[in-house]
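Trainee: when you get a sec, could you give me coordinates for this:
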Amino acid sequence: MQWETVIGLEVHVQLATQSKIFSGASTAFGAEPNTQACAMDLGLPGVLPVLNEQAVAMAVQFGLAIHAEIPEVSVFDRKNYFYPDLPKGYQTSQMYDPIVGPGEVEITLEDGAAKRIRVHHAHLEEDAGKSLHETFTDDTGRAMTGIDLNRAGTPLLEIVSEPDMRSAKEAAAYLKSIHSIVTYLGISDGNMAEGSMRCDVNVSVRPKGQAEFGTRAEIKNVNSFRFVERAIEFEVERQIELIEDGGKVVQETRLFDPDRDETRSMRTKEEANDYRYFPCPDLLPVVLDAAYVDHLRETLPELPDEKRARFQNALGLSAYDAGVLAASRETAEYFEAVKATCGDAKQAANWVQGELSGALNREGLAIQDSPIPATRLGELICRVMDDTINGKAAKQVFQALWNGQGASADEVIEAKGLKQVTDTGAIEAMIDQVIADSPAQVAQYRDAEPDKRGKMIGYFVGQVMKASRGTANPQQVNALLKEKLDALC
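Mentor: Below you'll find the model as predicted:
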């Protein structure tokens, strides 16, 4: 039987506010446990929540960025459940009237085609604390669980897609698009390693052609693009094997174990009525007037899709180059600064995606941490374009700048004597010497068929470049060599 995969994602984005969604406690990452949890976060009696206006603005900005409906009124609800890191016994969330209505996100498939993924809604909610299961023991050595409530009350935007994705790669592409949008907007740093962005993955399978959805399993808190792909691939295979062996998929919550590369059952999946949602009596409805929404719309930056289109249409980049460079706000900004310095978009794109990207990957660095500032890389490209240095020397200059061995490309070029030799007389003298020192190769060249001489000229080019210590202009060397060798035939 042929099977079709059906995937929907619930993406949890930590909003980049300085304080929590209902209290003034800090949201800074890395503080000592329980040092950033105030009376409100602890659920102490007599405290009342105060909504963080910045969190509201960030949620609306996201909605506008995905062309979503922005309801005039949204309401906070209480989601009731007991867990040790949820001291109030409920989570303040939005169930019935979320702040962002239906929208859509465009992704690019492997074949280059575009696909639109519908977003059902996005809602604001508070994060819970964190249970630490492997840190504490009692006096007898028995394992204990510690509770850190620093994250309790941290503002989250939960973005709920429709089940429109049909493969692990589509799901990863959608997640990358969400990451790109929220980081372009500046409403989240998107740091998945620190928990600023994570997702729950809903996966089911059904026979191809069947309209009805299969029973889904939810994989909780997956925190990397790669893990999303691996978790889905394993889960799809597990469900298909289970059904084909005569079993049934049960609706449940599962956990992805990246070390074992598998999902495993956590608990039976709850339904909405298990949480006894009801409107939060401590918070008034949020009412957004048209002027407020219009003001936020005017503050939106150029978004990834718009930037990608501009890179193609205005700068003449290929669809692939534009997509790679526009995917990350930091990469796009670095590229544009390089281009502004050297004046050539294609050269800037080649260097950013080539030499720079390779060096960053080897060192495990983000582009914003590059040892070579964008303007300095642009200056290096200028020296290639004006024939001050050739491509081989440019790589040496790049490495020197990466290692902090010069304040500028010009300084490195001067110190290392890499300036390209373009004097025709000097190049001819080197060529004449190489020809004189290579009688056997000259004879082979003379005796070869004309259509085969092109490949043989490489030996002579190499010898001239060696004689010039790599500083001769390769184009001039090739042209002059061919002229002199052909004259001997």
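
Trainee: so M58 versus L15, what's the distance?
Mentor: Distance of M58 to L15, computed by CB to CB, to the nearest Å: 5 Å. Quick note: C-beta positions are derived from backbone N, CA and C, even for glycine.

Trainee: what's the overlap in contacts for the two?
Mentor: P155, L157, I187, S188 (CB atoms under 8 Å, 6 or more residues apart in numbering).

Trainee: let me know the closest of these to K307.
Mentor: Lowest distance from K307 to those (CB to CB) belongs to I187, with 17.0 Å.

Trainee: just for this structure, where's the confidence low?
Mentor: Counting by pLDDT under 70, the chain has low-confidence residues at 269-272, 420-423.

Trainee: then the lengthiest helix in it to CSV, C-alphas only?
Mentor: Criterion DSSP state H: the longest helix present in the chain is helix 225-244. As requested, the backbone C-alpha atoms of helix 225-244 are provided in CSV (Å, rounded to 0.1, in the frame of the first residue of the first chain):
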residue,chain,number,x,y,z
PHE,A,225,15.6,21.7,12.3
ARG,A,226,17.6,18.4,12.0
PHE,A,227,15.8,16.8,14.9
VAL,A,228,12.4,17.7,13.4
GLU,A,229,13.3,15.8,10.2
ARG,A,230,14.7,12.8,12.0
ALA,A,231,11.7,12.6,14.4
ILE,A,232,9.2,12.7,11.6
GLU,A,233,11.1,10.1,9.5
PHE,A,234,11.2,7.7,12.4
GLU,A,235,7.6,8.3,13.4
VAL,A,236,6.3,7.8,9.9
GLU,A,237,8.1,4.5,9.6
ARG,A,238,6.9,3.4,13.0
GLN,A,239,3.3,4.2,12.2
ILE,A,240,3.3,2.5,8.8
GLU,A,241,5.0,-0.7,10.2
LEU,A,242,2.5,-0.8,13.0
ILE,A,243,-0.5,-0.5,10.7
GLU,A,244,0.8,-3.0,8.2
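
Trainee: by contact count, what packs against that helix?
Mentor: Under the contact criterion of 3 or more CB pairs under 8 Å, 6 or more residues apart in numbering; DSSP states H and E, helix 225-244 touches strand 3-14, helix 168-185, strand 197-207, strand 217-222, strand 252-257, strand 262-268.

Trainee: which stretch among the ones you listed comes nearest D294?
Mentor: helix 168-185 (16.7 Å).

Trainee: now the closest residue to T424 other than its chain neighbours: how far from Y445?
Mentor: Nearest in space to T424, with sequence neighbours left out and distances taken as CB to CB, 6 or more residues apart in numbering, is Q476 at 6.9 Å. The spacing between Q476 and Y445, counted by CB to CB, is 19 Å.

Trainee: same question, L380
Mentor: In terms of CB to CB, L380 sits 36 Å off from Y445.

Trainee: ok, S19 next?
Mentor: Taken as CB to CB, the span from S19 to Y445 is 76 Å.

Trainee: likewise for Y184?
Mentor: Y184 sits 57 Å away from Y445, going by CB to CB.

Trainee: ok, those two, which is more surrounded?
Mentor: Y184 (24 against 21; other CB atoms under 10 Å).

Trainee: and that one, what is it in contact with?
Mentor: Here Y184 is in contact with A65, P301, E302, L303, P304, R329 (criterion: CB under 8 Å, 6+ apart).

Trainee: what is the most widely separated pair among the residues you listed?
Mentor: Those two in the contacts of Y184 that are separated most widely, counting by CB to CB, are A65 and R329, at 12.6 Å.

Trainee: related to what we said a few turns ago, now do the buried residues in the longest helix of the chain.
Mentor: 225, 227-236, 238-240, 243 (16 or more other CB atoms under 10 Å).

Trainee: quick one on the thing from earlier: are we agreed that the residue nearest to T424 is in a helix?
Mentor: Yes: Q476 forms part of a helix when assessed by DSSP: H, G, I helix; E, B strand; the rest coil.

Trainee: and the gap between it and A113?
Mentor: 45 Å.

Trainee: tell me which of the two has more neighbours.
Mentor: Q476 (19 against 8).

Trainee: in three-state terms, label the residue found closest to M197 once you drop the neighbours it is linked to in the chain for me.
Mentor: The shortest distance from M197 to any non-neighbouring residue, by CB to CB, 6+ apart, is to G190 (4.9 Å). Of the three states, G190 takes coil under three-state DSSP.

Trainee: and G190, its phi and psi?
Mentor: Dihedral pair for G190: phi 60, psi 20, per degrees, to the nearest 10.

Trainee: which residues in the stretch 251-400 of the chain form strands?
Mentor: 252-257, 262-268, 278-279, 286-287 (DSSP state E, counting those that start in this stretch).

Trainee: now those as CSV including distance to E72?
Mentor: As requested, the strands of the stretch 251-400 of the chain are arranged in CSV below (distance: least, CB to CB, whole Å):
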stretch, distance to E72
strand 252-257, 35
strand 262-268, 38
strand 278-279, 17
strand 286-287, 6
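
Trainee: closest to A472 out of these?
Mentor: Nearest of the strands of the stretch 251-400 of the chain (CB to CB): strand 252-257, 56.3 Å.

Trainee: for that closest one, name the packing helices and strands.
Mentor: Under the contact rule (3+ CB pairs under 8 Å, 6+ apart), strand 252-257 is packed against strand 217-222, helix 225-244, strand 262-268.

Trainee: now the first one against helix 168-185, angle please.
Mentor: Right, strand 217-222. Interaxial angle, strand 217-222 versus helix 168-185 (axes from the mean of the first three to the mean of the last three CA atoms, to 10 degrees): 40 degrees.
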